[in-house]
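S.K.: structure for the following, please:
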Amino acid sequence: MPLPTIRRATLPACLALAFIPATVVQAATYPVTPQQRATAEQVAKVGVAESELAPDAPDTYTIKRGDTLWDISKIFLRSPWRWPELWGMNKAEIANPHLIYPGQVLMLVRRDGRAQLQLATAQTGAQPGVVKLSPSVRSSPADNGAIPPIPLELIQPFLTQAVVFDTDVLSKAPRIVATPESRTVLGKGDIAYASGDFGGASDLRLFREAKPILDPSTHQVLGYEAAYVGAADLIREGESRKDGRDDVVVPATIKIRSVRLEAGVGDRIAPMPAQEFIHYVPHAPAQPISGQIASVYGESIRAGQNNVVVINRGADEGMERGDVLALWKDGRRAVDTTGEHKVDLKLPDERSGMLFVFQVYKHASYALILSAYDAIEIGDRFTQP
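M.R.: Numbers count the residues shown, from 1 in each chain. Coordinates of the predicted model:
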């Protein structure tokens, strides 16, 4: 089913409301209070110090297909997570991102040691030959060619295929109990028989038995993660009935719709969650936070750029979708042998990469590694950027 048509301005999520004509602001249906609008306008007047700009920040940039808001922020800023200051947005507006499209032109305006980012229009003095744009409000489907905040294709599968359960609910979930002709593995299009309470759900996910995720320091259970097997449809409900003098259980019938791993007897079954359409807009955490990598998705012990990890902080610890975190490697132990006596050293901790939190649970979160200068391992630390 296509997503419903919604109304959005054609300016980026990060453009200040101060840059938008009053008629556009009134036409858009954003839940923005007068106080929030005033805050955004004030930020837009300030911008960022020129010292915060990337050394080779261009005066103009034309958005290309394949760009993301994160990519563009890196072009202009030393610290991409500070983009709301450059674009003049506060947190209320970050939660209501506008859209930008390939072909639109961004202009960096420098004034009195400060810098702001605007869309190039006839009023901002774009150079001849540059596409001239003006703000407007349009009705458009959600998937209409606008550039995303981050590479959504990297995390889209994890929105349904990767889950951290707060409790070991899969231990009591419905499961595959038998297969036709006692087959040991099942693939797309195969039939299987399952027992348990489906709760009225017919769109199903299949998982392996869940394993606990442990905090690297305290060893407390943060949640339970199960490997995603595939998707299935409920074809026929199970029942209990008489077979002669005996009471027998007739299991439900399911049909495997897709597989990531070969399915089989013992695999757990859970309902497919409702489709979510979420704007993931990178921002710094609202408060200081620190923690560790608890696991690497896929049962590896090391990860790199574009891999997904589980961190040992969740909603109860203040994590939010979109939080950007800095990764750190502990400085190794060394010995200074250059003097008269040997001296034990602890080398400084070093930045090793950057995380983007895209799914938050009670005490754990999934995060995408946006950049990695070294191999990321279980136990590596993170802090606010």
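S.K.: could you measure from residue 82 over to residue 232?
M.R.: Here residue 82 is placed at a distance of 45 Å from residue 232 (Cβ to Cβ, to the nearest Å). Heads up, the C-betas are built off the backbone N, CA and C, glycines and all.
S.K.: the two - which one has more neighbours?
M.R.: Between residue 82 and residue 232, counting by other Cβ atoms under 10 Å, residue 232 is the more crowded of the two (28 against 17).
S.K.: which neighbouring elements make contact with the helix or strand hosting that one?
M.R.: Here residue 232 sits within strand 228-236, counting by DSSP states H and E. With contacts defined as 3 or more Cβ pairs under 8 Å, 6 or more residues apart in numbering; DSSP states H and E, the packing partners of strand 228-236 are strand 203-207, strand 252-259.
S.K.: so for it, what's the average pLDDT?
M.R.: For strand 228-236, the mean pLDDT works out to 95.
S.K.: and it, how far out from the chain's middle?
M.R.: On the basis of Cα atoms, centre = their mean, to the nearest Å, strand 228-236 sits 25 Å off its chain's mean C-alpha point.
S.K.: keeping just the C-alphas, turn the next helix or strand after it into CSV.
M.R.: The helix or strand immediately downstream of strand 228-236 is strand 239-243, counting by DSSP H and E. Presented in CSV, the C-alpha positions along strand 239-243 are these (Å, rounded to 0.1, in the frame of the first residue of the first chain):
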residue,chain,number,x,y,z
GLU,A,239,-7.4,-26.2,16.5
SER,A,240,-8.0,-28.9,19.0
ARG,A,241,-10.5,-31.6,18.1
LYS,A,242,-11.5,-35.2,18.7
ASP,A,243,-9.9,-38.0,16.7
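S.K.: just checking: what are the partner strands of strand 239-243?
M.R.: When sheet partners are counted by DSSP bridges, strand 239-243 sits next to strand 246-250 (antiparallel).
S.K.: on that earlier part again, ok, residues contacting the strand holding residue 232?
M.R.: By Cβ atoms under 8 Å, 6 or more residues apart in numbering, the surrounding residues in contact with strand 228-236 are 161-163, 188, 191-192, 198, 201-208, 252-263, 267, 269, 272.
S.K.: how far off strand 252-259 does it point, in degrees?
M.R.: Per axes from the mean of the first three to the mean of the last three Cα atoms, to 10 degrees, the angle that strand 228-236 makes with strand 252-259 is 140 degrees.
S.K.: tell me what angle strand 228-236 forms with strand 203-207.
M.R.: Angle, strand 228-236 to strand 203-207, by the same axes, to 10 degrees: 140 degrees.
S.K.: by mean pLDDT, which helix or strand of the chain comes out lowest?
M.R.: Here the helix or strand of the chain ranked lowest by mean pLDDT, DSSP states H and E is helix 22-27, holding a mean of 28.
S.K.: who's residue 232 bridged to?
M.R.: Judged by DSSP bridges, the bridge partners of residue 232 are residue 204, residue 256.
S.K.: contacting residues for residue 248?
M.R.: Going by Cβ under 8 Å, 6+ apart, residue 248 touches 240-242.
S.K.: still on that earlier bit, in the strand holding residue 232, what counts as buried?
M.R.: 228-232, 234 (16 or more other Cβ atoms under 10 Å).
S.K.: okay, now the unreliable bits of the stretch 151-300 of the chain?
M.R.: Counting by pLDDT under 70, the ranges of the stretch 151-300 of the chain that qualify are 275-279.
S.K.: how about the helices of it, start to end?
M.R.: For the stretch 151-300 of the chain, the helices defined by DSSP state H, counting those that start in this stretch occupy 152-155, 158-161.
S.K.: closest to residue 347 out of the ones you listed?
M.R.: Residue 347 lies closest, by Cβ to Cβ, to one member of these: helix 152-155, at 32.5 Å.
S.K.: who touches the closest one?
M.R.: By Cβ under 8 Å, 6+ apart, helix 152-155 touches 280, 306, 308, 358-359, 366, 368.
S.K.: if we go to 10 Å?
M.R.: 68, 159, 162, 278-280, 305-308, 356, 358-359, 366-370 (Cβ atoms under 10 Å, 6 or more residues apart in numbering).
S.K.: give me the buried subset of those.
M.R.: Neighbour counting by 16+ other Cβ under 10 Å classes 68, 159, 162, 279-280, 307-308, 356, 358-359, 366-370 among those as buried.
S.K.: of these, closest to residue 383?
M.R.: The nearest member of those to residue 383, counting by Cβ to Cβ, is residue 367 at 13.1 Å.
S.K.: each with direction, which strands does the strand or helix carrying the closest one pair with?
M.R.: Element membership of residue 367, judged by DSSP H and E, is strand 365-372. If you go by DSSP bridges, strand 365-372 pairs up with strand 308-311 (antiparallel), strand 350-360 (antiparallel).
S.K.: so which bits of the longest one are buried?
M.R.: I take that to be strand 350-360. Within strand 350-360, judged by 16+ other Cβ under 10 Å, the buried ones are 352-360.
S.K.: ok, now the shortest one?
M.R.: Judged by neighbour count (16+ other Cβ under 10 Å), strand 308-311 contains these buried residues: 308-311.
S.K.: redo those as JSON lines? Include distance to residue 184.
M.R.: JSON lines is the format used below for these (distance: Cβ to Cβ, whole Å):
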{"residue": "308", "distance to residue 184": "30"}
{"residue": "309", "distance to residue 184": "32"}
{"residue": "310", "distance to residue 184": "31"}
{"residue": "311", "distance to residue 184": "36"}
